[in-house]
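[1] task: produce atomic coordinates for the following.
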Amino acid sequence: MSNIGKPERATQNRVIQLFRDELNYRYLGNFHERENNSNIEETLLSDYLTRSGYNAAQISGAIKKLKDAASQHSQNLYTKNKAVYSLLRYGATIKTSVSENTQTIHFIDWKNPQANDFAIAEEVTLKGQNTRRPDLVLYVNGIAIGVIELKNSRVSIGDGIRQNCSNQRPEFNEWFFSTVQFVFAGNDSEGLRYGTIGTQEKYFLTWKEDEHENDRYKLDKYLLKMCEKSRLIELLFDFILFDGGVKKLPRVHQYFGIKAAQKHVKQRKGGIIWHTQGSGKSIVMVLLAKWILENNPNARIVIVTDRDELDKQIKGVFFDAGESIQRTSSGKELMALLGQHKPRLLCS
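    Below is the predicted model:
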């Protein structure tokens, strides 16, 4: 394309326009001079919760819980982020008075993606020991869930990734990333790379979809794919894994493999996902098992392998991901457990 080498500013303007006009995110403005930029914009979150029908006491209780989880000084970024994610996914339980029942306050409407408030701001100045300014921040209901660093096409995308990584260090703006789920870096010549908090540069991923379509920048194409409202909500809800100290997002083949398997499961059909070595079987197994158990209250899952070592490894993978799995020591024990209602998740 003729405008390779355009300044970063031109790319940023175009990307903002894409979020506004094509993805229908609200543009919050340029936050360069704005004081007290936060990863939890209380006014926006409070407005959303009010529209969702919660009362003032419930709202202030829920926001306090979220802010406390996001700012525990004694915890590392992974631990804080995991606590925040848990509140986003399952809601915060609040009891506003002794006489009232406990209520669950949901920060995100998972069932109706369009009911959420999607917004974008640029040049978000973050004060810390060192001030930094991410190019673009994505908010869902006032909660910062995505950060995008853009470079001009003559500067390597790696620069944007390294900037994102250093921003997460304690001496910069680690505090801001406790709510962040997606970390993007892009430019017009190389396209888009994505990771999450703590992802090392070499593990940043590339999305691929509709590869025959080449009528626009890859950067724009994949932002449109990944940040489309219902896709983003789905990725947030079903495709984030906390794996024993490392937070992970799926690679594109894992996402589409799980989607195809979900379709089969809904139709009560079997099927095969064929994996090559190193293509990430474990993540697919954990994410798919989690989805099946959550979406079918009568489902049970048995994972059978032909090697003791592998069986042990699978138990470890599920355990690290916070899913309790029972490992059986013999065929007899497996049959006995299958004759009972529980456990729902077994390996043998």
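[2] what's in contact with the worst-scoring helix or strand of the chain on mean pLDDT?
    The weakest-scoring helix or strand in the chain, judged by mean pLDDT, DSSP states H and E, is helix 308-320 (a mean of 85). Where contact means Cβ atoms under 8 Å, 6 or more residues apart in numbering, the residues beyond helix 308-320 that reach it are 243-245, 282, 285-286, 289, 303, 305, 324-325, 327, 345, 347-348. Bear in mind the C-beta positions are built from the backbone N, C-alpha and C, glycine included.
[3] among the residues you listed, name the ones in strands.
    Counted as lying in strands by DSSP state E, out of those, are 243, 303, 327, 345, 347.
[4] which of the residues you listed sits closest to T199?
    The shortest gap between T199 and any of those belongs to D243, at 12.1 Å (Cβ to Cβ).
[5] residues in contact with the closest one?
    283, 286, 317, 320-321.
[6] those residues into a markdown table, with extra columns for neighbour count?
    Conversion of the contacts of D243 to a markdown table gives the following (neighbours: other Cβ atoms under 10 Å):
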| residue | neighbour count |
| --- | --- |
| I283 | 21 |
| V286 | 21 |
| V317 | 21 |
| D320 | 16 |
| A321 | 20 |
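[7] which one of the residues you listed is nearest P297?
    Each of those was checked against P297 using Cβ to Cβ; the closest is V286, at 19.2 Å.
[8] now E171: how far from G146?
    For E171, the distance to G146 (Cβ to Cβ, to the nearest Å) stands at 23 Å.
[9] who's more crowded, the two?
    A count of neighbours by other Cβ atoms under 10 Å puts G146 above the other of E171 and G146, at 23 against 9.
[10] and the pLDDT at the nearest residue to F237 once chain neighbours are set aside?
    For F237, the nearest residue in space outside its immediate sequence neighbours is W110; the separation is 5.2 Å by Cβ to Cβ, 6 or more residues apart in numbering. Here, the pLDDT recorded for W110 equals 97.
[11] OK, contacts around W110?
    Contact partners of W110, counting by Cβ under 8 Å, 6+ apart, are 89, 233, 237.
[12] just the buried residues of those.
    When neighbours are counted using 16 or more other Cβ atoms under 10 Å, the contacts of W110 contain these buried positions: 233, 237.
[13] strands of the stretch 51-200 of the chain, start to end?
    Along the stretch 51-200 of the chain, the stretches classed as strands by DSSP state E, counting those that start in this stretch are 92-94, 103-105, 118-122, 136-140, 143-150, 182-187, 191-195.
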